[in-house]
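K.L.:
how would this look folded up:
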Amino acid sequence: MTRASKLPKRLQPMLATLIDAPFDDPDWVFETKWDGFRMIAAIDAGRVTLYSRNGKIISDSYRPVADALVGLKDGTVLDGELVALDRHGISHFQLLQNALRAEASLRYCVFDLMFAGGADLRSLPLTERKQRLRQLLPKHPLLSFSSHRRTHGTSLFHAAEAKGLEGIVAKRSQSPYLSGVRSADWLKIKTARRQEVVIVGFTAPRGARAFFGALLLAVRDGQGWRYVGRVGTGFTQASLSELYAELRRRRTTASPIGARLKDTAGTTWVKPELVAEVKFSEWTQAGEMRHPVFLGLRQDKRPQQVTREVEKVRRRR
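P.N.:
Numbering: from 1, shown residues only. Now for the predicted structure:
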């Protein structure tokens, strides 16, 4: 188990372990894996505070969501995912990138109840916490109870795959809530490979492309950075411009990567401060991502937390 986040311990989210395939088990429940970012909501003195996974207070950025939770008892803490939905009700991380600048169908999908009216519920079984959550969550267009299915994870996974969802999360039905712990009691199964990465450089644009050509990507490796490839697709004209402005402010003369790379002529290096998410087809033997596509920047994770995520093989019964 690994600990994460610098939030106060009681507010740190429980994290799921990535595994290789879906399964069926009567002792587990299965939920949709929402394609947004993790958000903790805490109510104190009648005020709602929203926290990102890395501890930033984001209440002002998503004030309508905070206002929707006003009225819950002091000492209540919720765990969920902030998402942006398309017209079919499917969550997309890319849509969330524009939520602060344009009209977007925001939704706070709440899936766990850590505290209720000051009472610590984390030692209770998951299914009991979710039952209490369903009863107290206000009815509001911006709020959604994240429902679950018992036993049948394989069929839910294939349904998620058919709809183009990110995946599913499997949770042991009797599991407690372990704040700040990545546990084998919560498992995530993705329909496609995705990876959080840190931007360490960019190449010059070619042809009709403006601003930059591709981004050089890395993950944390011990105390340094390990190169995992470059991405040159998935950008809009607006995102190219906005990202370039962020990159220019972080230019540096030295490569953040310890190992020497091939074909870096014309590369502009940047300080490893921007976290992005990409999807890709597979890892190469050299440890690079094949056919990566840029999905967007992530504000909810610190660069030092970004390591290569490796699927674990779950032991079958």
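K.L.:
pLDDT weak spots in the stretch 51-200 of the chain?
P.N.:
97-104 (pLDDT under 70).
K.L.:
mind listing the strands for it?
P.N.:
76-85, 105-116, 119-120, 143-145, 149-152, 167-172, 182-190, 193-202 (DSSP state E, counting those that start in this stretch).
K.L.:
Sheet partners, orientation included, of the last one?
P.N.:
When pairing is defined by DSSP bridges, strand 193-202 lines up against strand 215-221 (antiparallel), strand 268-280 (antiparallel).
K.L.:
What residues of the first one count as buried?
P.N.:
Which is strand 215-221. Leu215, Leu216, Leu217, Ala218, Val219, Arg220, Asp221 (16 or more other C-beta atoms under 10 Å). Every residue, glycine included, has its C-beta placed from N, CA and C.
K.L.:
ok, the residue lying closest to the second one once chain neighbours are set aside - how many residues close by?
P.N.:
Counting by C-beta to C-beta, 6 or more residues apart in numbering, Gly201 is the residue found nearest to Leu216 once chain neighbours are left out, at 3.8 Å. Each residue near Gly201 was counted by other C-beta atoms under 10 Å, and the total is 26.
K.L.:
Show me what secondary structure element comes after whatever helix or strand Ser241 lives in.
P.N.:
Assigned by DSSP states H and E, Ser241 belongs to helix 237-248. Once helix 237-248 ends, the next helix or strand along the chain (criterion: DSSP H and E) is strand 251-252.
K.L.:
report the angle between the axes of the helix or strand hosting Val228 and strand 215-221?
P.N.:
In this structure, Val228 sits in strand 224-231 according to DSSP H and E. Calculated by axes from the mean of the first three to the mean of the last three C-alpha atoms, to 10 degrees, strand 224-231 forms an angle of 150 degrees with strand 215-221.
K.L.:
helices and strands around strand 224-231, which ones?
P.N.:
Here strand 224-231 touches strand 193-202, strand 215-221, strand 268-280, strand 289-290, going by 3 or more C-beta pairs under 8 Å, 6 or more residues apart in numbering; DSSP states H and E.
K.L.:
Show me where the stretch 1-150 of the chain has its helices.
P.N.:
63-68, 93-97, 126-136 (DSSP state H, counting those that start in this stretch).
K.L.:
Using CSV, list the CA coordinates for the second one.
P.N.:
Which is helix 93-97. Taking C-alpha atoms only, helix 93-97 is exported to CSV below (Å, rounded to 0.1, in the frame of the first residue of the first chain):
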residue,chain,number,x,y,z
PHE,A,93,-12.1,14.4,-19.4
GLN,A,94,-11.6,16.7,-22.4
LEU,A,95,-14.9,18.4,-21.9
LEU,A,96,-14.0,19.2,-18.3
GLN,A,97,-11.0,21.2,-19.6
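K.L.:
neighbouring contacts of the helix holding Ser241?
P.N.:
97, 199, 202, 209-212, 215, 235, 268, 270, 274, 294, 296-297 (C-beta atoms under 8 Å, 6 or more residues apart in numbering).
K.L.:
hmm, which two among these are most spread apart?
P.N.:
Using C-beta to C-beta, the pair of these lying farthest apart is Gln97 and Thr268, separated by 23.0 Å.
K.L.:
who has more neighbours, these two?
P.N.:
Neighbours per residue (other C-beta under 10 Å) separate Gln97 from Thr268, with Gln97 holding more: 21 against 17.
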